[in-house]
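Q: build the 3D model from these lines:
(2 chains)
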Number of protein chains: 2
Amino acid sequence: MSESSSTIKALVSGSKQSVNLPSQRFANERHSPESLRLALIEAQYTLRDTRNKPRGRGVLILMSGMELAGKGEALTQLRGWADPRLFKVKARLPVPPHSPLWLQDAALLPEKGEIVILFGSWYGDLLQARMTYLQEQKRKDAKNTKKINKEKSNVDHSLVPEMTSERFRSEVERLHAFEQDLRAQGITVCKCWFDLSWERLQERLDTVKKSEEHWLHLHGLDWRKKDQYDELVKLRADLGIDWIDINGQDPTERDLEFGHIVLSALREPRLPTAPANRRWKSAEIPAALLAPDQAVLEKETYKARLKDAQAKLAKLVHQCDRRSIVLVFEGMDAAGKGGTISRIVEPLDPRQYQVFPISAPEPHEMRHPYLWRFWSKLPVPDFVREHAVTNLSIFDRSWYGRVLVERVEGFVRAGEWQSAYAEINHFERDLTSGGTIIIKFWLSISSDEQERRFMARQETPHKRFKITSDDWRNRKRWDDYLQAAADVFAQTNTLEAPWIIVATDDKLTARLAVLESLNRRLEAVLKS
Amino acid sequence: MSESSSTIKALVSGSKQSVNLPSQRFANERHSPESLRLALIEAQYTLRDTRNKPRGRGVLILMSGMELAGKGEALTQLRGWADPRLFKVKARLPVPPHSPLWLQDAALLPEKGEIVILFGSWYGDLLQARMTYLQEQKRKDAKNTKKINKEKSNVDHSLVPEMTSERFRSEVERLHAFEQDLRAQGITVCKCWFDLSWERLQERLDTVKKSEEHWLHLHGLDWRKKDQYDELVKLRADLGIDWIDINGQDPTERDLEFGHIVLSALREPRLPTAPANRRWKSAEIPAALLAPDQAVLEKETYKARLKDAQAKLAKLVHQCDRRSIVLVFEGMDAAGKGGTISRIVEPLDPRQYQVFPISAPEPHEMRHPYLWRFWSKLPVPDFVREHAVTNLSIFDRSWYGRVLVERVEGFVRAGEWQSAYAEINHFERDLTSGGTIIIKFWLSISSDEQERRFMARQETPHKRFKITSDDWRNRKRWDDYLQAAADVFAQTNTLEAPWIIVATDDKLTARLAVLESLNRRLEAVLKS
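A: Model (predicted):
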C-alpha cells in the first residue's frame, strides 16, 4: 500500500498548481468563537457578492471521514455561527459503477457566489469499491488456503469493476485532475477528513441508539471490525495530501478547527488565470481545411447508399443500447451541420436521440465552469437504465466553442483557451472510460461555397431564417477560424474521441461520408 | 365505460377556460407543404422572440396514440419542413406509481419561447396502469368462473395502485387541472393522438423488422390482441375531448395534418390573465396575527422540553423514511424563521434534510410557470428510493411568495394572485396524494417586537447581515402583509396541508411550539 501512497503524493505535489497545505492555511490566524463567527459571516457575504462577476468564486467543502467523528455536529455548529442560509448542504448518493465518477455531481457543484457543503463525495464510491475488492481478495485467499470459508459473496462482479491497486490509483488521479480543472474555473475545493481513533470510535459505537444505527451501514462498512478500520486508514493516506485532517476526539476543538478551515476556504482567492503561453505554437492548417475535396456524387447513387447507411445506423444504434453515443458537429456556418444531422436521425425513433443546438451560454450558466452546461445535458448512464431508451446525444456545435468562437472573438484570454484543450480532453476521457462513445465531425467547406450558400439562403424564403449578420461577420474572420480549427485537431484528436474531417462542398457526398464513417466507427467500437 | 367518458367530457367543457376544438383550430387555413413550411418557420421565430417577455409563451406538443401510426415519421417530416433546431424533442420515461404524476416532468416543460415535442406523456403511466388493472380483473373473473386459469400475474400489487374506473377518472381530472394551470401560465398544451385502425395496425405489424420490435413492447401492450386494442380505444375516449385525433392511415395526409396542428399551436395566443375578481372578499384577520400570544417560557423548562422534542423528531423523521416531508415557513421579517429551522435540523443528520432559502426568482426561472422552481427543487420520491436518505425539505419562504410579497408589492396583477391560491392548492394536493407530508408554519410576531429585533440586529455585529433596507420598507406595509396572510389561511388551509400559526414574540415558546406541533402532526400522519 505504501508504494501507491507515495506515488499519489508525488502526483499531487508534482501537479502544476501547488496545493496549499492545511497547516499553512490558517497558521497566522486563530479566532475565538465570537470573532470566528463574525469573520465567517463577512466572508460569506464577500463571496456572495462575486455571484455575477467574471472572476467570481464558488466554494465546495467535501466532508468525509470516519463514522461518528462528528461531521454532522461540526456542521450544525457552523450553521449556528454563520448565516445558515448561505450554506447549501447536500448529500451525495452512491453512483453506479461504470459511469464517469463526477457526471452526476454537476448538480451538486456550487455556482459562483455559493458555498456547497457536500456529505459524501466522489471519493466515497471509490473507497467503497476498493474496500469491497480488498475484502473479496481476503475471502478468496482464505478459501484457497483453508478451504473452509463458505460465506458467499453478495457482490455482483459483472457490475462492480475490480478495484485493483492500479485501477484505484488511476481513478484517484482522474479525480485530482477533475478537481484541478474545477479550481482553475473558480471553484475552491476543500476536502475535510474527520478522523477518529479506533478506541474512541468503539466507545462512541457503544452509545449509538438503535434508531440511529442505520447511518452506520450506509457504506457497507462494519465499524466494529478492526481490520476494516485499519484498511480505511491506509486508503485515506492514498487519497492524496490535499485532504485536511480534523481530529474528532474533542468536540469543541473539532468544531473550531472546522470553522477555521471553512473560513480559509471562503477567503481563498481564485486561482489566477493561467498565463498565455508565449511559446504557443499554432498547428499547421491541414489541406482538408484549406482545400476541401471536390468530389461530387450522383443523386441516384446517393439515394441508394444513403438508404443502406441509414438502415445500418439504426441497427448499430440499437446494438449500442447499453452505451451512450455522443456526436459532435463543428464547422463553418452553412457547412451543412443541420442537414447532416437530419439524415442521421431520420431512420431513428425520436425517443432514441436528442439534438442539442448550442449557442452562447445563459447568464446563470456563466456562473458555472464552462463545461458544466454540457455535463448537465449529457444522459446519465446506467442509473435509470432500466427504462432508458435515449442513448444518442447529438451536439450541433459544442464545448469546442471555447476554443473556436470564444477564442476567435476574444471572449476569453489566451491562457484560458490554451488550457481549455486539456480540460476538454479530461472531460472526454472521463466519458469514454465510462463507456460513452464519442465521435467528432468537422464539416469542411470552402470559402467560395460558403458565399454561394449564404446568397442562396438570402434568396430562398424558407431558408432566410438561417442567415444573420453574425454569419457575414464570422466570414470575415475565416482565417482565424481555420487556425483555431487546426489547433483543435492538433490538441484534441485522441484515440478515444477522434475527429473526422468531412469535405462538404458537395452536400450529398458529405452527408454520406458522415453516415458511413459513423457506421464504421460504431462497428469498430462494438467489436472491440 | 361510457358513463366515465361523459363525466370527463362534462368536466372539460365545464372548466372555466374553454378548450379550442381541433376542428376550429385550423378550419380557415389549409396550406400546401411549401407554404406550410414558411408559415411554420415564421411561427417558430415569432414564438422564440417571446423568450424574455412577461407575456411570453411556450408550446408543448404531446404525442401519443397507437403504435405504428407514424408519430416518428410525422415528426421527421416536421423537422424537415421547419427549423429543426427550434424543436426540443424529448422522451418521457415511465414514472413509478405513487409519485405526483407530473413532478418529474418539470424538466420536460418548455420555457417561454421554446417548443417541446414530447413522446409519451403523463397519460402514458395512467393508461398503462388502467390497462393492467383491466387485464387483472379479467383474469380474476376467468379464474373465478372457470377455475382453470393458472397463468400467474407478474404485477406487484404493493406497488401499482388499483386503477379502478373511479380512480382513473380522478387522475384524469387532476391532469386536466395541471394542464389548465400550465395554460394559465403561458404554456400551450397541444395533445395529439395518432390513430390507426385495427386492420391497418395488423398489416403494419407484419412488416416490422426484428430489430425494431423492441419499440412495440415499451408499454407492455400486445398489439396483436384485439381485446387490448379495443380497450385502448375506449380508454382514449375517456381522456377528454381536448386530444386531437390524427389518422395514421395515409402518411402524406397524416404529416400535413400534424404540421397544421403544430402551426396552430405555435400561433395560439396566450390565455388572457384572469380578470380581477371585483367581488373578492378579503378574509378577516385572525386574532393570532393581530395580537400574538405573549406567553413566556422559562429557559430551564425550554431546554428540557426542547431536548425531548428534538429526540422525538429525529425518531419520527426516521420513521417517515419512505415518505417525503415538506415544511414551509412564512412570516414577517425577524419572526424567527431561521432560528426555528436551526432547532429542527439540529438533531438530524445533515443527509436527511435540505433547507431552501427562497428569494426572488432568477431571470431563467421567470421563463417558467412560477411554481416550476419549486417543482424542480422537491425531492423525486421512489425513483431513487433505494439510495435516498434525504426526505425532509424545509422552505424558508416558499411558493406563497406569489400571494404575499408579489401581491403586496404589486409584482403581479390581481387576477394572477387571486388565481394562484387554486394553483397552489392543486400543487399541494398532488404532492400529498402522492404520499408527501406538508406542514406549513406561519410565525406571528407583533409589530413592537419586530421593531425591537430590527434595532437589536443593527447593534449586534454578527446579526447585522440579517437586516437590510428592504426589511424597513416591508415594515411600512405591515397591514397589507397581515391581510395577505389572512387570505392565505382562508384560501389554502387544507386538511392535507394545514397551516399552523405560532406566536413568536417569545422565541423560546415559539421554537418549542413549532417542534411539538410538528411532532404531533407527524405522529398523527404516521398513525393514519
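
Q: and residue A:410, that one's in a strand?
A: No: assessed with DSSP: H, G, I helix; E, B strand; the rest coil, residue A:410 is coil; it does not lie in a strand.

Q: that one and residue A:416, how far apart?
A: 11 Å (CB to CB, to the nearest Å). In short, each C-beta sits where N, CA and C put it, glycine included.

Q: between the two, who's got more neighbours?
A: A count of neighbours by other CB atoms under 10 Å in any protein chain shown puts residue A:416 above the other of residue A:410 and residue A:416, at 20 against 9.

Q: any residues in contact with both of residue A:410 and residue A:416?
A: By CB atoms under 8 Å, 6 or more residues apart in numbering or on different chains, residue A:410 and residue A:416 have no common neighbours.

Q: how about the helices in the stretch 301-450 of chain A?
A: A:337-345, A:372-375, A:405-408, A:414-433, A:447-459 (DSSP state H, counting those that start in this stretch).

Q: in a markdown table: these, plus mean pLDDT.
A: Formatted as a markdown table, the helices of the stretch 301-450 of chain A follow (pLDDT from 0 to 100):
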| stretch | mean pLDDT |
| --- | --- |
| helix A:337-345 | 94 |
| helix A:372-375 | 92 |
| helix A:405-408 | 96 |
| helix A:414-433 | 93 |
| helix A:447-459 | 94 |
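
Q: which parts of the stretch 251-400 of chain A are strands?
A: All strands of the stretch 251-400 of chain A, identified by DSSP state E, counting those that start in this stretch, fall at A:325-331, A:353-357, A:392-396.

Q: give me the phi and psi angles of the residue nearest to residue A:489 when sequence neighbours are not counted.
A: The shortest distance from residue A:489 to any non-neighbouring residue, by CB to CB, 6 or more residues apart in numbering or on different chains, is to residue A:499 (5.4 Å). Phi and psi for residue A:499, reported as degrees, to the nearest 10, are phi -90, psi 140.

Q: give me the pLDDT for residue A:499.
A: In this model, residue A:499 is scored at 98, pLDDT.

Q: now for it: which residues touch it?
A: If you count contacts by CB under 8 Å, 6+ apart, residue A:499 has them with A:440-442, A:488-489, A:492-493.

Q: inside strands: which ones of the residues you listed?
A: A:440-442 (DSSP state E).

Q: make CSV out of those and add neighbour count, distance to chain B and pLDDT.
A: What follows is the ones in strands among the contacts of residue A:499, written out as CSV (neighbours: other CB atoms under 10 Å in any protein chain shown; distance: CB to the nearest CB, whole Å; pLDDT from 0 to 100):
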residue, neighbour count, distance to chain B, pLDDT
A:440, 23, 19, 98
A:441, 26, 17, 98
A:442, 23, 19, 98
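
Q: residue A:280: neighbour count?
A: Per other CB under 10 Å, the neighbour tally for residue A:280 reads 11.

Q: pretty sure it is touching residue A:414, no?
A: Yes: checked against CB atoms under 8 Å, the pair residue A:280 and residue A:414 is within contact range at 7.3 Å.

Q: quick one on the thing from earlier: would you mind finding the most buried of the strands of the stretch 251-400 of chain A?
A: strand A:325-331 (a mean of 23; mean count of other CB atoms under 10 Å in any protein chain shown).

Q: ok, that strand near chain B or not?
A: No: Strand A:325-331 is not in contact with chain B by CB under 8 Å from any CB of the partner chain; minimum separation 11.6 Å.

Q: tabulate the CA atom coordinates of that strand in PDB.
A: Taking C-alpha atoms only, strand A:325-331 is exported to PDB below (Å, rounded to 0.1, in the frame of the first residue of the first chain):
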ATOM      1  CA  ILE A 325     -23.200   7.800 -28.000                       C
ATOM      2  CA  VAL A 326     -22.200  11.400 -28.300                       C
ATOM      3  CA  LEU A 327     -21.700  13.000 -31.700                       C
ATOM      4  CA  VAL A 328     -20.200  16.500 -32.000                       C
ATOM      5  CA  PHE A 329     -20.700  18.600 -35.100                       C
ATOM      6  CA  GLU A 330     -18.500  21.600 -35.700                       C
ATOM      7  CA  GLY A 331     -17.600  23.600 -38.800                       C
END
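
Q: and the angle from that strand to helix A:414-433?
A: On the basis of axes from the mean of the first three to the mean of the last three CA atoms, to 10 degrees, strand A:325-331 is oriented at 150 degrees to helix A:414-433.

Q: biggest separation within the contacts of residue A:499, which pair?
A: Spatially, the most separated pair among the contacts of residue A:499 is A:441 and A:492, at 13.1 Å (CB to CB).

Q: so residue A:194, which state does it fall into?
A: What three-state DSSP gives for residue A:194 is strand.

Q: what about it, neighbour count?
A: Residues lying near residue A:194 (other CB under 10 Å) number 23.

Q: show me what it is bridged to.
A: Assessed by DSSP bridges, residue A:194 has beta-bridge partners residue A:65, residue A:246.

Q: so where's chain A uncertain?
A: A:1-28, A:95-102, A:145-161, A:211, A:214-220, A:380-389 (pLDDT under 70).

Q: what number of residues lie near residue A:504?
A: Residues within reach of residue A:504, counting by other CB under 10 Å, total 31.

Q: which non-adjacent residue is nearest it?
A: Per CB to CB, 6+ apart, closest to residue A:504 is residue A:510, 3.8 Å.

Q: cool, residue A:134 as well?
A: Closest to residue A:134 by CB to CB, 6+ apart is residue A:231, at 5.9 Å.

Q: may I have the helix or strand encompassing that neighbour as PDB, with CA atoms only?
A: Per DSSP states H and E, residue A:231 falls inside helix A:226-238. Output of helix A:226-238 as PDB, limited to C-alpha atoms (Å, rounded to 0.1, in the frame of the first residue of the first chain):
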ATOM      1  CA  LYS A 226     -10.600  -3.500  13.300                       C
ATOM      2  CA  ASP A 227      -9.200  -4.800  10.100                       C
ATOM      3  CA  GLN A 228     -11.700  -2.800   8.100                       C
ATOM      4  CA  TYR A 229     -10.900   0.300  10.100                       C
ATOM      5  CA  ASP A 230      -7.200  -0.200   9.500                       C
ATOM      6  CA  GLU A 231      -7.700  -0.700   5.800                       C
ATOM      7  CA  LEU A 232      -9.600   2.600   5.600                       C
ATOM      8  CA  VAL A 233      -6.800   4.400   7.500                       C
ATOM      9  CA  LYS A 234      -4.400   3.100   4.800                       C
ATOM     10  CA  LEU A 235      -6.700   4.000   2.000                       C
ATOM     11  CA  ARG A 236      -7.200   7.500   3.300                       C
ATOM     12  CA  ALA A 237      -3.400   8.100   3.000                       C
ATOM     13  CA  ASP A 238      -3.700   7.100  -0.600                       C
END
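
Q: fine by me, we can end here.
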